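[1] need a 3D model of the sequence below.
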Amino acid sequence: MIRTAILVDGAFYRRRSYYIYGDKEPSERADELEWYCKRHIREEKADQCSLYRVFYYDCPPMDKKVYHPLLKRQIDFGKTNDYTWANIFFKELTHRRKFALRLGRLAEEQAHFNLRPEATKKLMNGSLKIEDLTEKHFLLDVKQKGVDMRIAIDISSLAFKKQVDRIILISGDSDFVPASKQARREGIDFILDPMRSPIKEDLFEHIDGMRTKASKLN
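    Prediction:
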């Protein structure tokens, strides 16, 4: 029996699932994530896979007020639909069997609005005027803290303690490379699922394979 742990980069998953499957209510997104992860197990009948646990990594939603330079007023993120949605979604995941939440935090003190790169480009080439800017041209910039570290620690712990035989990481990030190299040295079969997003070619030398289940729901 191949014991398999599935590690999910939450921000990445939510972004890709929105793109692939569209907008959903929190409970529906949680159902979808559970289906998506367990599909990795169900379709490995020949290998007799068993799910050890799904580890989900993310940050609690921001409830800080941030000044918007276009609107010239504070936006209270604690009163937004996104704040409510994320809290309900995380609560849903805590009720799922074999799901473990690993929450970092947002660098709220550094949160600010930036012009989107495409808007900046249009301003510079003259195809967009300052007076034509709208809210859609701005993007909230807020960094996650502690998420990548938690992923790396869990990969190392699972490998050194021999708790699993295989790790499936759902992510499109390359920050996992040092931890994946450690795990592979310990004999772990390390699989990356980038959900159909492109990855750098040189990442293939640090994983044992790439597999995605990002297709339409059955």
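[2] what's the single longest strand in this structure?
    Using DSSP state E, we find that the single longest strand of the chain is strand 49-58.
[3] sheet partners, orientation included, of that strand?
    Counting by DSSP bridges, the strands paired with strand 49-58 are strand 2-9 (parallel), strand 99-103 (parallel).
[4] of these, flag the one that's most buried.
    Among the strands paired with strand 49-58, the stretch with the highest mean neighbour count (mean count of other Cβ atoms under 10 Å) is strand 2-9, at a mean of 22. Placement of C-beta: from N, CA and C, glycine included.
[5] which parts of the protein are helices?
    Per DSSP state H, the chain carries helices over the ranges 10-21, 26-42, 81-94, 117-125, 147-160, 177-185.
[6] need those helices in a markdown table (columns: mean neighbour count).
    As requested, the helices of the chain are exported to a markdown table (neighbours: other Cβ atoms under 10 Å):
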| stretch | mean neighbour count |
| --- | --- |
| helix 10-21 | 18 |
| helix 26-42 | 18 |
| helix 81-94 | 15 |
| helix 117-125 | 12 |
| helix 147-160 | 18 |
| helix 177-185 | 18 |
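[7] can you redo these as JSON lines with distance to residue 134 and mean pLDDT?
    Below are those laid out as JSON lines (distance: least, Cβ to Cβ, whole Å; pLDDT from 0 to 100):
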{"stretch": "helix 10-21", "distance to residue 134": "21", "mean pLDDT": "94"}
{"stretch": "helix 26-42", "distance to residue 134": "28", "mean pLDDT": "94"}
{"stretch": "helix 81-94", "distance to residue 134": "19", "mean pLDDT": "96"}
{"stretch": "helix 117-125", "distance to residue 134": "9", "mean pLDDT": "93"}
{"stretch": "helix 147-160", "distance to residue 134": "31", "mean pLDDT": "94"}
{"stretch": "helix 177-185", "distance to residue 134": "39", "mean pLDDT": "91"}
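[8] would you list those in TSV and tack on distance to residue 214?
    Shown next, in TSV, are the helices of the chain (distance: least, Cβ to Cβ, whole Å):
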stretch	distance to residue 214
helix 10-21	5
helix 26-42	8
helix 81-94	19
helix 117-125	25
helix 147-160	20
helix 177-185	20
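[9] my guess is residue 8 contacts residue 53. True?
    No: proximity of residue 8 to residue 53 does not meet the contact threshold set by Cβ atoms under 8 Å, at 11.0 Å.
[10] distance of residue 3 relative to residue 150?
    As judged by Cβ to Cβ, to the nearest Å, residue 3 and residue 150 stand 20 Å apart.
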